[in-house]
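Enquirer: predicted model and sequence follow; I will ask about them next.
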Amino acid sequence: CPQKKVPNAFNLGLDTRRAIYIPFAQAVPKVATIDPDYCNMLKNGKCGVCAKVCSAGAIDYKQTDTFIEQEYGAIVAATGFNPIDLSKFDEFAYSQSPDVVSSLEFERLMNAAGPTSGTLLRPSDGTHPKTIVFVQCVGSRCDGVEKGKPYCSKICCMYTAKHAMLCREKYPDTDVYVFYIDVRTPGKNFDEFYRRAVEQYGVHYIKGMVGKVTPEGGKLKVQASDLLENRQLHIDADMVVLAAAIEPDKSARPLATMLTASMDTNDFFTEAHPKLRPVESPTAGVFLSGMCQGPKDIPETVAQASAAAAKVPSWDTVIKIWQSVRVINDFSFHMNQGVCAFAFSRPYRKTAGTRKDPGGKHSFVIILLSDDTRLSHEQHPRRDNFPIRYIYRCGRGRMRSPSTEPQQTCYQPHSSAVSCSSRRTDHR
């Protein structure tokens, strides 16, 4: 492909690629694609070099995007995250100097598959930086929500410690400063990792915030404060790395609207219950995975993704059971008493629940009662050939006979659609 000056989105625009490319090394499926915004053949009909040299004949310029419609029993939302826009933080000179980079850009510069093949070089002149300043909580824990985010991004402290250790290990002559508000390392061995960066690698952790970064004479003048020693600091840095806050991907809000899923004020998906149902959305059949639900690191994301994947087959089983249920509406008059009744018939019993065999050996009636409902022996609904089983809405799903006085224990055998806080039963 003769078009070589296409910005590489995977490397955050730090280098270029061709118009025909593989998105990244671990792409699935790992096949080449053509960027229609930069391909000369698709834009003006002049080129076609790739079709001429492709021995497999895999180039099809007439192929267009297609939309596939399918029916699925469950949906796992994994919309991911994006770093916030750092152009709002002019005090750090992010838009003024190429040597002020975000933490994600610094990660690509240190990566062996990155734009510099793993060699740490300044983007401005390609020289090795001798002094690097890391600034924590840029956009996180902000009072003004129009500029940043009110929450902690959770992952910044650990990846900053990792970056600082990589710099000191690979380039021992580099001075590394980290300015922080608080060091938050709540995970297993996380605090030991941070202490190793300070004690073993000699990273200078300074409690305080950077007030201003000014490009001047090929250097970055960093003005900051040391709160522990109560003094002002002025550092001539070669690079400044900003630990940018994270926010949900822009596609999260439209997707939640389409799925009728709940979201919080920060556009993160809301789970059904933070302890008992952490990977389920209040919307039945929608599961959550990764940072669409909130800030989390890679181990947490992998654990939640595995839990969501394990939940999907169980939800499919629930759907199949519910589709085999026959609902008898003869008991609808009990709704005024906070009672709801369903007649179930097993799917493998062909005559169960029919006129030929209205009860059947494998058919039964389940009656859902509110926790404060008391029915006398005469009030219990009857239907010929249907054994009656009772589940109290705040009971543990134990089967009650008509002559047994119900007890008030607190469990929920029914679905979350049945409310335990009122007498009314939602029949969803």
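Expert: On my side now, so go ahead.
Enquirer: can you map out the helices along the stretch 201-350 of the chain?
Expert: 252-259, 298-323 (DSSP state H, counting those that start in this stretch).
Enquirer: list the buried residues of stretch 99-110.
Expert: Neighbour-count burial for stretch 99-110 flags 99, 100, 101, 102, 103, 104, 105, 106, 107, 108, 109, 110 (criterion: 16 or more other Cβ atoms under 10 Å). To be clear about C-beta, it is placed using only N, CA and C from the backbone, and glycine gets the same treatment.
Enquirer: residues in contact with that stretch?
Expert: Contact with stretch 99-110 is made by 11-12, 14, 83, 86, 92-94, 114-116, 118, 120-124, 129, 156, 159-160, 163, 166-167, 213, 215, 220, 238-244, as judged by Cβ atoms under 8 Å, 6 or more residues apart in numbering.
Enquirer: alpha carbons of it, in PDB - could you do that?
Expert: What follows is stretch 99-110, C-alpha atoms only, in PDB (Å, rounded to 0.1, in the frame of the first residue of the first chain):
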ATOM      1  CA  ASP A  99       6.700  15.700  25.800                       C
ATOM      2  CA  VAL A 100       3.700  15.900  28.100                       C
ATOM      3  CA  VAL A 101       2.000  12.500  27.600                       C
ATOM      4  CA  SER A 102      -0.800  10.500  29.100                       C
ATOM      5  CA  SER A 103      -0.100   7.300  31.000                       C
ATOM      6  CA  LEU A 104      -1.600   5.300  28.200                       C
ATOM      7  CA  GLU A 105       0.700   7.000  25.700                       C
ATOM      8  CA  PHE A 106       3.700   6.400  28.000                       C
ATOM      9  CA  GLU A 107       2.700   2.700  28.100                       C
ATOM     10  CA  ARG A 108       2.900   2.500  24.300                       C
ATOM     11  CA  LEU A 109       6.300   4.200  24.300                       C
ATOM     12  CA  MET A 110       7.700   1.600  26.800                       C
END
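Enquirer: from now on call the first residue 236
Expert: Sure thing, new numbering starts at 236, so read that last one as stretch 334-345.
Enquirer: returning to that earlier point: which among the contacts of stretch 334-345 end up buried?
Expert: By 16+ other Cβ under 10 Å, the contacts of stretch 334-345 give 246-247, 249, 318, 321, 327-329, 349-351, 355, 357-358, 364, 391, 394-395, 398, 401-402, 448, 450, 455, 473-479 as buried.
Enquirer: hang on, residue 276 in a helix?
Expert: Yes: counting by DSSP: H, G, I helix; E, B strand; the rest coil, residue 276 falls inside a helix.
Enquirer: wait, isn't it in contact with residue 296?
Expert: Yes: judged on Cβ atoms under 8 Å, residue 276 makes contact with residue 296 at a distance of 5.7 Å.
Enquirer: neighbour-wise, which of the two wins?
Expert: Per other Cβ atoms under 10 Å, whichever of residue 276 and residue 296 has more neighbours is residue 276, with 20 against 14.
Enquirer: how about that one: what's its closest non-neighbour residue?
Expert: Nearest in space to residue 276, with sequence neighbours left out and distances taken as Cβ to Cβ, 6 or more residues apart in numbering, is residue 282 at 4.3 Å.
Enquirer: how close does the one you found get to residue 275?
Expert: 4 Å (Cβ to Cβ, to the nearest Å).
Enquirer: overlap of the contact sets of these two?
Expert: residue 237.
Enquirer: more neighbours: which of those two?
Expert: Neighbour count, other Cβ under 10 Å: between residue 282 and residue 275, residue 282 has more, with 18 against 15.
Enquirer: one step back: need the overlap of contacts for residue 276 and residue 296.
Expert: Joint contacts of residue 276 and residue 296 (Cβ under 8 Å, 6+ apart) are 283, 286.
Enquirer: enumerate every residue touching the residue nearest to residue 276.
Expert: Counted by Cβ under 8 Å, 6+ apart, residue 282 has contacts 237, 274, 275, 276.
Enquirer: need those in TSV (columns: distance to residue 526).
Expert: What follows is these, written out as TSV (distance: Cβ to Cβ, whole Å):
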residue	distance to residue 526
237	39
274	33
275	38
276	38
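Enquirer: from these, which is closest to residue 382?
Expert: Taking Cβ to Cβ as the measure, residue 274 is the one of the contacts of residue 282 closest to residue 382, at 38.6 Å.
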